[in-house]
Every structure is written in C-alpha cells, then in structure tokens.
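Student: Quick one: sequence plus predicted model below, questions after.
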Amino acid sequence: MSSSPPSQGEVLPPHPGGAAPIPDYEREVDRPSSRERGWNILATPGTYILLGINVAVFCYMIFRGVSPSSPTSAQLLYFGATNPELILHGQWYRLLTATFVHVGLLHIATNMWCLWNLGLLGEPLLGPFGLIAVYVITGIAGNLLGLFSAVFFRDYSSVGAGASGAVFGIAGILIVLLSNKKLPIPAFELNRLRRSVIQFAVLNLIIGIGANFTSIVRIDNHAHIGGFLSGLALGVPLVPRMTSGRTRYLARQKLTFAAAAFALILFAYFITKLR
C-alpha cells in the first residue's frame, strides 16, 4: 500500500499540561508537552520501537541495493511485501512483514510522520504493549482485507507494502478511546483531539481514493479501510475498563487482542476457501 500525506499531523498531540489519560498508570503534576515527551524515547518507547523497526528495515533495503525512490516489485517481495499468490501458498508472514516495508523515501517519511504523531497521542492511552499490539493487529487486518479483495476479483499479482493500514488502525482506536468522557481530560480537549483524528482519517481516505484516479501512485484503500475498521472494533471493549484501574485495563487489553488475533485467523481461513 502507498502512503498518504500527513495532513493534520500538527494537531494530533495532546494539549500541553493535560493530565495523563491512563487509568492509574501515573499522575504527573507537571506533565511536559507532547512535543517534549515525543523526543524522550523512554516516555513513549512503543512509538519509537515501531519507528525504529520501520527505519531499520528501510535502511537495510537501501544497503542491499534497493532504490530509495523506485524499488521494483521483485525487491519489495524479497523484503516481505504482500502478494496474494505467495500468501495463499503459505507465506502468511507477509501480512505482518509488509507493514514494515516501504515503497521509497517519500512513502516511509509520510507514514512515519503520521505514526509518530498518532503514537504520541495513543501511547498514553494504550501503553507501549498496547500500541504495538494495535499496530500489528490492524496492520494485518488491513492486509487481510486487501487479500480478500484480490481473491474476490481474481487479482493474484498485486504487490503491497507500507505501514499506512496500521496507522489508520491507530487512528481508528483513538477515535473510540477519546470518546470516553471519564478520562481525566477536559471535555473540550477530548472533543478537539477526537475531531482532529477523525479529520486525519477522513482526509487521508479521500486522498487515497482520489489518488487511484491518477497515474501517479496507486494506493491500497482496502488496507486503509481494513486497518481503520479493525481499530474502531478494538477500541469498543477497551473503553469500559480505561478508568477501572491498571490491572483490569491491561487484562481487558490482552483479552481483546487475543480475540482479535483469533478473528483474523478465522478470516484468513475463510479467504482460503474462496479461491
């Protein structure tokens, strides 16, 4: 999948001085601004782990001779991009590895910019483990929907890569989590943050759809939609436990993510029966 412009990125981080929207994690009296926290790797380790993996994979691709601007389909496949034919013949790992492979410098730059902004907002709500889990689950979900579309339309030669499905997934779960009025954040601030994430998702979906009517770039909107919808679904069971204490909230996260993983396995099995 290709990337989308990081529109609205500047308005995604929390308002400076806001209380930490985490149930019983930590309540800092003077919490630094999101930008200051953003450059502190220890404050948002999950976000930087994901950024680091993506950048490391891209650098390794360049080191191995891949063009930084126009990699070939064969090169993308070599490093783990999706392809319906290969996946259906047993290479299911591509559903995950493709979320760390990018089609050029512009692609990874825009995706990482969006991931960084959304990660700074989402990690205080989800925790490092939760953020990484959402990235993986929604990224795979987006690629599975792309696989379903390819099988349905008998397009077995397509090649897809990129983190944008997972980025949309993080946006989706944030829209749901920020609807919790019990969070220790002023209502106007919650509404502002939620509105900014919705604007990000809608604008980039429109850009993705519009791009497919040009000859410049083709964007896999199935991956975007699949990631976004799965993110929304993941957020629903988490909302009731967000303010009920760390132990209960983490237990609900683990149960939700395990159920989502099982649902993805069932969906993958269903796709294999369509062929």
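Tutor: That came through, no problem.

Student: what's the residue most central in space within the chain in contact with, if anything?
Tutor: Closest residue to the average C-alpha location of the chain: A166 at 2.1 Å, with CA atoms, centre = their mean. With contacts defined as CB atoms under 8 Å, 6 or more residues apart in numbering, A166 is in contact with 99, 115, 134-136, 138-139, 142, 227. The C-beta positions use only the backbone N, C-alpha and C, and glycine is treated the same way.

Student: Secondary structure and neighbour count added to these, as a markdown table?
Tutor: Converted to a markdown table, these look like this (DSSP: H, G, I helix; E, B strand; the rest coil; neighbours: other CB atoms under 10 Å):
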| residue | secondary structure | neighbour count |
| --- | --- | --- |
| T99 | helix | 34 |
| L115 | helix | 25 |
| V134 | helix | 29 |
| Y135 | helix | 31 |
| V136 | helix | 19 |
| T138 | helix | 32 |
| G139 | helix | 31 |
| G142 | helix | 36 |
| G227 | helix | 34 |
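
Student: Which members of those residues are the farthest-apart pair?
Tutor: L115 and G142 (13.8 Å; CB to CB).

Student: Show me which of the contacts of A166 is closest to T256.
Tutor: V134 (9.8 Å).

Student: ok, the closest one to W116 distance?
Tutor: Distance from V134 to W116, counting by CB to CB, to the nearest Å: 15 Å.

Student: Run through the residues that contact V167.
Tutor: With CB under 8 Å, 6+ apart, V167 has these contacts: 111, 114-115, 118, 227.

Student: what do you get if the cut-off is 6 Å, keeping everything else the same?
Tutor: Contact analysis of V167 by CB atoms under 6 Å, 6 or more residues apart in numbering lists 114-115.

Student: How is it assigned, secondary-structure-wise?
Tutor: helix (DSSP: H, G, I helix; E, B strand; the rest coil).

Student: May I have the predicted confidence score for it?
Tutor: As predicted, V167 sits at a pLDDT of 96.

Student: Likewise for Y249?
Tutor: Y249 is assigned a predicted lDDT (pLDDT) of 95.

Student: In this structure it contacts R241, no?
Tutor: Yes: contact criterion CB atoms under 6 Å: Y249 and R241 qualify, at 4.6 Å.

Student: thinking again about what came up before, could you check how far the residue nearest to the centre of the chain is from I137?
Tutor: From A166 to I137 the distance is 8 Å (CB to CB).

Student: How about F129?
Tutor: To I137, F129 is 12 Å away according to CB to CB.

Student: out of the two, which sits in the busier spot?
Tutor: Using other CB atoms under 10 Å, the more surrounded residue of F129 and I137 is I137, with 25 against 15.

Student: Not including adjacent chain positions, what is the nearest residue to that one?
Tutor: In this structure, I137 finds its nearest non-sequential neighbour in A260, 5.1 Å apart by CB to CB, 6 or more residues apart in numbering.

Student: that's a helix at the one you found, yeah?
Tutor: Yes: checked against three-state DSSP, A260 lies within a helix.
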